[in-house]
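Undergrad: Sequence and predicted structure below; questions after.
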Amino acid sequence: MTQIYVCYHKALPFVKSDVLTPIQVGAEIAENQLDIIKDNTGDHISAKNPYFCELTATYWIWKNAKADNVGLCHYRRFFNFKNHETKVFRKTDQIAEKFSLNEKTVSQILKEYDLILPMKKGSKRHPKTLYDFYAKEHFQSDLDLTLDIIKEKHPNQYPIADHVLRQWTYGYYANMIVAKKEVFDAYASWLFGILFELERRIQKDVVLRSSYQQRVYGFISERLMPVFVATHPLFKVKEVPCVFVENSLKKYLKYRFHGLKHQIMSFLHMRKEKNES
């Protein structure tokens, strides 16, 4: 049995399937209570949502979900198990069918792999290392302290973590994951062991930051996913595209135009090479 939880924080058309289950994040402090599963039941950290973002759902899944395979995605970001499309326009009611988000597909993948992650990507605006990109966008001291905590808690993993953050230019973003439950639990235990210690050391400062920079633990977690993969080499990873639900028709048509243009140019280039050979 597979359950992939879809994070929501406001009333929108819910995407459901035999594997997709909507969950309200930050339910403990939310003014509007949605008629779906909430992250403030059982063992939870729901009230930390302004700082941990969708990780309050990650924690809830770790502590409360019982399915054999579990995962997390967002109401505007889904795994695409069917093709290479990365953007769709407001077809939320067709997401599951369109991108093969079903029990058969996921269970088949997890027979061969241990976890499923979005395709690695870098920043087009800042083609830098994970460390440099984070330092430019957020508080560098938070990432430095995270490395210190890894060195304290997992000294054997520290050289790998330091190498990944300072050398890799591609990472896994959005905190999306699907995995066998035991693998998900291992990841969550490792992740929150680091994040809760980081929270203990910096939270007094974090509450004074802008609402965007207060989301520090969610941002740090994105950088820790490739560290987890690199420090757990026995886990087999399947990377699949992440499809974004675009609500702006103008932006979606621009995306489609550039995609079509790329296909045409690639076709013409192949024809040219064939004629020249």
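TA: On my side now, so go ahead.

Undergrad: Let me know how buried P155 is, in neighbour terms.
TA: 9 (other CB atoms under 10 Å). To be clear about C-beta, it is placed using only N, CA and C from the backbone, and glycine gets the same treatment.

Undergrad: Regarding E31, what is its secondary structure?
TA: coil (DSSP: H, G, I helix; E, B strand; the rest coil).

Undergrad: How many residues are close by it?
TA: 4.

Undergrad: any idea how far it is from C53?
TA: Plainly put, E31 is 18 Å away from C53 if you go by CB to CB, to the nearest Å.

Undergrad: And for S221?
TA: Taking CB to CB, one finds S221 at 8 Å from C53.

Undergrad: which of these two has more neighbours?
TA: C53 (25 against 22).

Undergrad: dump the residue contacts of the more buried one.
TA: V25, N175, R215, Y217, G218 (CB atoms under 8 Å, 6 or more residues apart in numbering).

Undergrad: In contact with the first one, which residues are there?
TA: Residues touching V25, when contacts are defined by CB under 8 Å, 6+ apart, comprise C7, Y8, H9, D39, S46, N49, C53, E54, T56, A57.

Undergrad: repeat for the third one
TA: Applying CB under 8 Å, 6+ apart, we find R215 in contact with P50, Y51, F52, C53.

Undergrad: Can you flag the buried ones in those residues?
TA: Among those, those classed as buried by 16 or more other CB atoms under 10 Å are Y51, F52, C53.

Undergrad: What is the neighbour count of the residue nearest to the second one when sequence neighbours are not counted?
TA: Put plainly, it is F52. Nearest residue to F52 in three dimensions, chain neighbours excluded: Y217, at 4.7 Å (CB to CB, 6 or more residues apart in numbering). Close neighbours of Y217, defined as other CB under 10 Å, add up to 26.

Undergrad: Look at Y217 and report its pLDDT.
TA: Here the pLDDT value assigned to Y217 is 98.

Undergrad: thinking again about what came up before, tell me the one among the contacts of V25 nearest to T129.
TA: Set against T129, the nearest of the contacts of V25 by CB to CB is C53 (22.8 Å).

Undergrad: Show the backbone phi and psi for that closest one.
TA: phi 50, psi -130 (degrees, to the nearest 10).

Undergrad: Remind me what the helix or strand containing Y59 packs against, helices and strands.
TA: Here Y59 is covered by helix 55-64, with elements defined by DSSP states H and E. Contact partners of helix 55-64 among helices and strands, from 3 or more CB pairs under 8 Å, 6 or more residues apart in numbering; DSSP states H and E: strand 2-8, strand 69-74, helix 181-206, helix 216-231.

Undergrad: Show me the shaky parts of the stretch 51-200 of the chain.
TA: 87, 89-91, 93, 123-127 (pLDDT under 70).

Undergrad: contacting residues around K236?
TA: Here K236 is in contact with E112, Y113, D114, L115 (criterion: CB under 8 Å, 6+ apart).

Undergrad: Of those, which belong to helices?
TA: Counting by DSSP state H, these place E112 in helices.

Undergrad: Can you flag the buried ones in the contacts of K236?
TA: Using 16+ other CB under 10 Å, the buried ones in the contacts of K236 are Y113, D114, L115.

Undergrad: Out of the residues you listed, which is nearest to K104?
TA: Among the buried ones among the contacts of K236, Y113 lies closest to K104 (CB to CB), at 15.2 Å.

Undergrad: Who are the contact partners of R223?
TA: Contacts here follow CB under 8 Å, 6+ apart; on that basis R223 touches L130, Y134, L143, T146, L165, G171.

Undergrad: between the residues you listed, which is nearest W190?
TA: T146 (12.6 Å).
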